[in-house]
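Peer 1: 3D model of this:
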Amino acid sequence: MISTERQKRKWGRLRPAMLAGVALAGLASTQALAEPATEQGAKAIRDGFARIFGTKLLDKGIITIKPDGEAYDVTYDFSSAKYGAPADGPQLQFGPFTTRLTPQGTGKYAFEQTTPSLDFSYKSGKAGPQSEATQRLKNCSMTGMFDVNVPNFLDQKMSCESGVIAFRSPIEDIDATIGKIAFVAAGKTQGEGVTGLNVTGDLLDLVETVTVKDPANPTPPMAIRADRVHESFAVDGFASAKVTDAFAFYAGRKAGDAGKAGQDQARAKLKAILPLYQTMTAQIRYENMSVGTPVGIIRMAAFDSNLASNGLVKAGTVAGSLAMSGLSLPDGLVPDWARGLVPEKATVNLNLTGLDLEAIASKAIEAGTDAKPVQPGAFKAMLMPLLLAGQPKLTFDQSLTAPSYDVKGQGETSLLPSQQGKATISASNLDDIAAALGKAGASGVGPQRAAMGLAFLKGLAKKGPDGRLIWDLDFDSLARKVTVNGQSFGPGAQK
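Peer 2: All right, here's what the predicted structure looks like:
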């Protein structure tokens, strides 16, 4: 699961990079796209890019725009050296690739792009641990329609024949291949300078190999496979105009702009984008997933994760969930008597409230624009009072279903400065578990201890009207005490 989450985060970073060129190309001026493909029209497009992204990308030749027949070719070729980044700092390379723009009038235009190889590479700077990443997407095509007045893309399709990703670090090596990539995006105008976006897509035949570098505990590479990875993302109320304005400001900054006036202007630009969006949801689903381990292959029919947020606001909330179904363990790993105890389905739902995300984002902006870099310890000290002020609270519910039993639970807890809360857990068919453990009791110490623990839990339980066993819990990490159906345990219970 850890490696799977790494893969998800990695793709969460790389996919926006793949689409960045297309998004940039959709932000030229209405006047330019309404004109014939002439040098004058190309200049008007350059002026449109300069208004949004500053002049540096054009001056450095990272973006070039040329008339070609009845359309315009926009070529992107980004590298850290071309941008003027320090030679001993992180090195990025993206492109080159070309997008063809065909004017449609009334501020809209069609775009198309065919790329035999869409490449991205990264190398860390000379300071600190060395790492590098490469990505190659083969035979990619993109088509769509943009409205340059918003700016936003109304419709976009992207597909690639295959993909290869490699990551190297002192801790681990990751290699991944993808059989096919396909995404569809649709945007909408939701007000002046405010847009919405929906993106859905699939990665087929994912194969990821993770090699952990631990000389003290060498382990063989772990292979993660999935027939299909389905992703979806939706955002409403996105402050697109203010975001592009802030981007243009930073892209156009020059050396010496970090004085007091420049610092205040930078903070104002970034704080203007808050709350950034009104709602955001993201889902990822792995279908027919398998994880190779030293003891055999673990399989799942489906694994789902979901995330939702209401923006960087004073009353911020973050909700998430995980769900698994169709778990299958390697033959021989679980004895016959315990097969009915292996969960077939599991879900966990979490909801975090009491977060003043607006204040936290503002403090992060102030620290990030300070002329003197803030040390990690000092930054943590800045944020802690903001986290405590909101009294963040986590509510949760979970379920676990196996052939022999099911367990359900729900509750809530404070998070800072200590965990204090309540929970209710219920279970069915514990007698079946006890019977299975009884049959295996003579074969080992493990089943005997498990049977004793189960008997203890049953002794603490109360029976509900539906026959389920119920445990009402109160817990306090500061007092080091847990109370179960009125009976207290832990060091704090002795005081």
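
Peer 1: Now name the helix or strand holding the residue nearest to Trp471 when sequence neighbours are not counted.
Peer 2: Nearest residue to Trp471 in three dimensions, chain neighbours excluded: Ile425, at 4.7 Å (CB to CB, 6 or more residues apart in numbering). Just so you know, the C-beta spots here come from the backbone N, C-alpha and C atoms, and that holds for glycine as well. Secondary structure from DSSP states H and E places Ile425 in strand 420-428.

Peer 1: for the residue nearest to Trp471, what are its contacts?
Peer 2: Ile425 makes contacts with 407-409, 470-471, 473, as judged by CB atoms under 8 Å, 6 or more residues apart in numbering.

Peer 1: Rebuild those residues as a markdown table, extending it with secondary structure and pLDDT.
Peer 2: Listed next are these as a markdown table, based on DSSP: H, G, I helix; E, B strand; the rest coil; pLDDT from 0 to 100:
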| residue | secondary structure | pLDDT |
| --- | --- | --- |
| Val407 | strand | 94 |
| Lys408 | strand | 96 |
| Gly409 | strand | 96 |
| Ile470 | strand | 95 |
| Trp471 | strand | 95 |
| Leu473 | strand | 94 |
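
Peer 1: With distance to Val291 and neighbour count as new columns, can those residues be given to me in JSON lines?
Peer 2: Shown next, in JSON lines, are the contacts of Ile425 (distance: CB to CB, whole Å; neighbours: other CB atoms under 10 Å):
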{"residue": "Val407", "distance to Val291": "23", "neighbour count": "19"}
{"residue": "Lys408", "distance to Val291": "26", "neighbour count": "17"}
{"residue": "Gly409", "distance to Val291": "26", "neighbour count": "17"}
{"residue": "Ile470", "distance to Val291": "35", "neighbour count": "16"}
{"residue": "Trp471", "distance to Val291": "32", "neighbour count": "16"}
{"residue": "Leu473", "distance to Val291": "32", "neighbour count": "16"}
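
Peer 1: Among these, which one lies nearest to Lys463?
Peer 2: Ile470 (7.2 Å; CB to CB).

Peer 1: Run through the bridge partners of that closest one.
Peer 2: Taking DSSP bridges as the rule, Ile470 bridges to Ser426, Lys462.

Peer 1: Run through the strands of the stretch 251-400 of the chain in chain order.
Peer 2: Assigned by DSSP state E, counting those that start in this stretch, the stretch 251-400 of the chain shows strands spanning 279-293, 296-309, 316-325, 345-355, 393-402.

Peer 1: which residues touch the first one?
Peer 2: Contact partners of strand 279-293, identified using CB under 8 Å, 6+ apart, comprise 1, 3-4, 8, 222-237, 297-311, 330.

Peer 1: The residue nearest to Ala461 when sequence neighbours are not counted: what's it in contact with?
Peer 2: Nearest non-adjacent residue to Ala461, counting by CB to CB, 6+ apart: Leu469, 3.9 Å away. Applying CB under 8 Å, 6+ apart to Leu469 gives the contacts 426-428, 430, 458, 461-463.

Peer 1: how close does Leu469 get to Asp397?
Peer 2: From Leu469 across to Asp397, the span is 18 Å (CB to CB, to the nearest Å).

Peer 1: picking that back up, list the buried residues for the strand holding Ile425?
Peer 2: 420-421, 423, 425-428 (16 or more other CB atoms under 10 Å).

Peer 1: ok, how many other residues are close to Phe233?
Peer 2: Per other CB atoms under 10 Å, the neighbour tally for Phe233 reads 20.

Peer 1: That one sits in which helix or strand?
Peer 2: Per DSSP H and E: strand 222-238 holds Phe233.

Peer 1: That strand - contacts with which helices or strands?
Peer 2: Applying 3 or more CB pairs under 8 Å, 6 or more residues apart in numbering; DSSP states H and E, we find strand 222-238 packed against helix 2-25, strand 194-212, strand 279-293.

Peer 1: Model confidence for the residue nearest to Trp471, exactly?
Peer 2: At Ile425, the model reports a pLDDT of 95.

Peer 1: I'd like the distance between it and Ser399.
Peer 2: 11 Å.

Peer 1: can you list residues touching both of these two?
Peer 2: The contact lists of Ile425 and Ser399 share 407-409, where a contact means CB under 8 Å, 6+ apart.

Peer 1: Please render those residues as TSV that adds distance to Leu58 to the earlier fields.
Peer 2: Formatted as TSV, the shared contacts of Ile425 and Ser399 follow (distance: CB to CB, whole Å):
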residue	distance to Leu58
Val407	61
Lys408	59
Gly409	58
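
Peer 1: Farthest pair within the contacts of Leu469?
Peer 2: Ser428 and Lys462 (14.1 Å).

Peer 1: these two touch, right, Asp236 and Leu276?
Peer 2: No. Counting by CB atoms under 8 Å, Asp236 sits too far from Leu276 to count as a contact (11.5 Å).

Peer 1: where in the stretch 1-150 of the chain is pLDDT low?
Peer 2: 1-35, 51-53, 107, 147-150 (pLDDT under 70).

Peer 1: Number of residues surrounding Ile171?
Peer 2: Burial of Ile171, expressed as a neighbour count using other CB under 10 Å, amounts to 10.

Peer 1: Equivalent analysis for Asp202, please.
Peer 2: Other residues within reach of Asp202, judged by other CB under 10 Å, total 17.

Peer 1: Not counting sequence-adjacent ones, nearest residue to Leu57?
Peer 2: Nearest non-adjacent residue to Leu57, counting by CB to CB, 6+ apart: Ile63, 4.9 Å away.

Peer 1: related to what we said a few turns ago, any chance of the contacts of Ile425 in CSV with distance to Ser325 as columns?
Peer 2: Below are the contacts of Ile425 laid out as CSV (distance: CB to CB, whole Å):
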residue, distance to Ser325
Val407, 16
Lys408, 16
Gly409, 18
Ile470, 26
Trp471, 26
Leu473, 27
